[in-house]
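> kindly generate the corresponding structure for this input.
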Amino acid sequence: MLDEKEEEIEQQRDANDGSDDINIDYDNINDERDITIKEQKRKSCHITMSNNNNTFRKQLKTGLIKLMMILILLSCIHSTFALSSSTTNNNKMGRRNAISSLLIKTASMSSIALLGGINSPQIALSIEPSSLTSSPPSSKIASRLNADMLTIPPPSRVNELNGVDNLYYPSWMEGEWKATQTLRKATTPLGLKYVGGPAGSVDIASASMREQLLQVNVPVSFRLKWVKTKFGVAEDRLFNSRQRLDGFAGRTVVSSVEYNNVGGSNRVSILALGGGENDPLQTTTVRFKGPAAQKTFVISHGEDKDFATTADTTATITATTTKDRVWSGYELLRNIFALTNTNTAPPVTTDTELIWKFEKIDETNVKGQLRIASYLNAQSDSLYFDARYRAVSFSDYDIKLERISL
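Numbers count the residues shown, from 1 in each chain. Coordinates of the predicted model:
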């Protein structure tokens, strides 16, 4: 268009024989030239944006492909761990398997060990990993008392809206009892290569073994209590935690014990559903006379509904009576122990499974078994992944209960 305008100007100049009175519309020429430049810029910008969009689409597609590959890889890794933890005859079981410090003799003994009040009860009896085979899976909780290998139970599926979740015992457990608890044996199913706790200290492991051997066949006495609630017979955790800790320490080490409200077990829900002000909750905090405290959560729990029979059951006892006489259950506890002074040491976390079996002998006598299975924790143990969710120590106890009162 500009070329045509310039040609028209030249024709006007020829017609006027070089006269200066030439009517040239320069404003129109400049306007048209500006419009042309703007049009070229618009096209250039459009092309640039189109190229940027194409580049973004390519980058997004590449990112999605990478994300899918990562998810597939994580899925494969998860499947590998699951397969490794469930394999019963694992030829690599002896590779860098570890065992954490058994910081407890009862549900909460990790705190006592770190307080220095008593000798830390570690794993005692050495068993070569190559000599062990895993027990076949069973639906009976009682079978876990004698299994050579255990994996950590999954978290319980608790309805948070319920608020009254707990482990409930048979009705004949209600009341206060004199308990005598005796360590029968201690074993290390993954071997003794790493028995020094989170730091993996061999010196600590050796000393702990010697101390644990001294505890075998030594009875420890204290009192235990189970209380009746609207929802079932539950362990009085305030009373029992203090009794166990003081009993194994051989002196008073507990300053106070209190319940804590959590979603699955809290006072508001219990009262709203008709429960009592003193009904046991799941979560507790123990404060010691020294500068330390421990909080205990119930991660998982369960019970055998059909009550397995025992070897000494006589032929005169009917199946129905046997179900009423024998009970098995378990709890997986997470204990968080921390100093309460100005010390900046990080908290210590332990995961411990308590497996119970009680048999009613008569109205005033109950005999039982307790297995304490210790598992490594990702927050505290550097060998957590080597253990692959398997128990690293067992402490097996015999229990005798004599009724004091209802």
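> going forward, measure contacts and count neighbours with C-alpha atoms only.
Noted.
> SS state for residue 214?
helix (DSSP: H, G, I helix; E, B strand; the rest coil).
> distance of it relative to residue 189?
20 Å (CA to CA, to the nearest Å).
> now do the helices in the stretch 101-250 of the chain.
Under the criterion DSSP state H, counting those that start in this stretch, the stretch 101-250 of the chain contains helices at 110-115, 202-215, 237-249.
> okay if I get those helices as TSV plus distance to residue 273, mean neighbour count and mean pLDDT?
Formatted as TSV, the helices of the stretch 101-250 of the chain follow (distance: least, CA to CA, whole Å; neighbours: other CA atoms under 10 Å; pLDDT from 0 to 100):
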stretch	distance to residue 273	mean neighbour count	mean pLDDT
helix 110-115	35	22	36
helix 202-215	45	17	78
helix 237-249	21	20	96
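> between those helices, which one is nearest to residue 386?
helix 202-215 (17.4 Å; CA to CA).
> in TSV: the helices of the stretch 101-250 of the chain, plus distance to residue 303.
Shown next, in TSV, are the helices of the stretch 101-250 of the chain (distance: least, CA to CA, whole Å):
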stretch	distance to residue 303
helix 110-115	25
helix 202-215	29
helix 237-249	18
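> of all those helices, which one is nearest residue 226?
helix 237-249 (8.6 Å).
> can you spell out which helices and strands pack onto the closest one?
Packing contacts for helix 237-249, counted by 3 or more CA pairs under 8 Å, 6 or more residues apart in numbering; DSSP states H and E, involve strand 219-229, strand 254-260.
> so which of these is the most surrounded?
strand 219-229 (a mean of 20; mean count of other CA atoms under 10 Å).
> residues contacting that one, please?
171, 173-183, 233-236, 239-240, 243-244, 247-248, 275-276, 279 (CA atoms under 8 Å, 6 or more residues apart in numbering).
> pLDDT at the residue nearest to residue 339 when sequence neighbours are not counted, what is it?
Spatially, and ignoring its direct neighbours in sequence, residue 339 is nearest to residue 292 (4.2 Å; CA to CA, 6 or more residues apart in numbering). Note for residue 292: predicted pLDDT of 96.
> right, and residue 292 touches residue 342 too?
No: if you go by CA atoms under 8 Å, residue 292 and residue 342 don't touch, sitting 10.9 Å apart.
> count the residues that sit near the residue nearest to residue 339.
18 (other CA atoms under 10 Å).
> now residue 278
Residue 278 - counted by other CA under 10 Å - has 13 other residues nearby.
> what is the mean pLDDT for whichever strand or helix holds residue 335?
Assigned by DSSP states H and E, residue 335 belongs to strand 326-339. Across strand 326-339, pLDDT averages out at 96.
> so what does that strand touch, helix or strand wise?
Packed next to strand 326-339, using 3+ CA pairs under 8 Å, 6+ apart, are helix 110-115, strand 292-303, strand 348-362.
> got these as a markdown table, with distance to residue 371 columns?
Listed next are the helices and strands packed on strand 326-339 as a markdown table, based on distance: least, CA to CA, whole Å:
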| stretch | distance to residue 371 |
| --- | --- |
| helix 110-115 | 16 |
| strand 292-303 | 14 |
| strand 348-362 | 5 |
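> before we move on, back to that, out of the helices and strands packed on helix 237-249, the one nearest residue 153 is which?
strand 254-260 (23.2 Å).
> just to revisit the earlier point, quick one: buried residues of the strand holding residue 335?
Across strand 326-339, burial judged by 16 or more other CA atoms under 10 Å covers 326-339.
> what strands line up against it, and which way round?
The sheet places strand 326-339 alongside strand 292-303 (antiparallel), strand 348-362 (antiparallel), with pairing taken from DSSP bridges.
> and residue 363, how far from residue 387?
To residue 387, residue 363 is 43 Å away according to CA to CA.
> that older thread, take the contacts of strand 219-229 and keep only those in strands.
175-183, 233-235 (DSSP state E).
> circling back: and the helices and strands packed on strand 326-339, which one is worst for confidence?
helix 110-115 (a mean of 36).
> got the domain boundaries for the protein?
2-17+25-71, 110-405 (automatic domain parsing).
> how about the strands paired with strand 326-339 in a markdown table, adding distance to residue 405?
Below are these laid out as a markdown table (distance: least, CA to CA, whole Å):
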| stretch | distance to residue 405 |
| --- | --- |
| strand 292-303 | 25 |
| strand 348-362 | 14 |
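> and residue 258, what are its bridge partners?
residue 285.
> in contact with it, which residues?
238, 284-286.
> residue 242 and residue 251 touch, don't they?
No: contact criterion CA under 8 Å: residue 242 and residue 251 do not qualify, at 10.9 Å.
> low pLDDT regions in the stretch 1-150 of the chain?
Within the stretch 1-150 of the chain, the ranges that satisfy pLDDT under 70 run 1-139.
> on that earlier part again, and residue 149, which of the helices and strands packed on strand 326-339 is closest to it?
It's strand 348-362; of the helices and strands packed on strand 326-339, that one is closest to residue 149 (CA to CA) at 13.0 Å.
> contact partners of the closest one?
For strand 348-362, using CA under 8 Å, 6+ apart, the contacting residues are 107, 110, 141-142, 144-145, 152, 172, 325-338, 366-377, 379-380.
> one step back: tell me the one among the buried residues of strand 326-339 nearest to residue 207.
Nearest to residue 207 among these, with distances taken as CA to CA, is residue 337, at 22.2 Å.
> my guess is that closest one contacts residue 380. True?
No: if you go by CA under 8 Å, residue 337 and residue 380 don't touch, sitting 11.1 Å apart.
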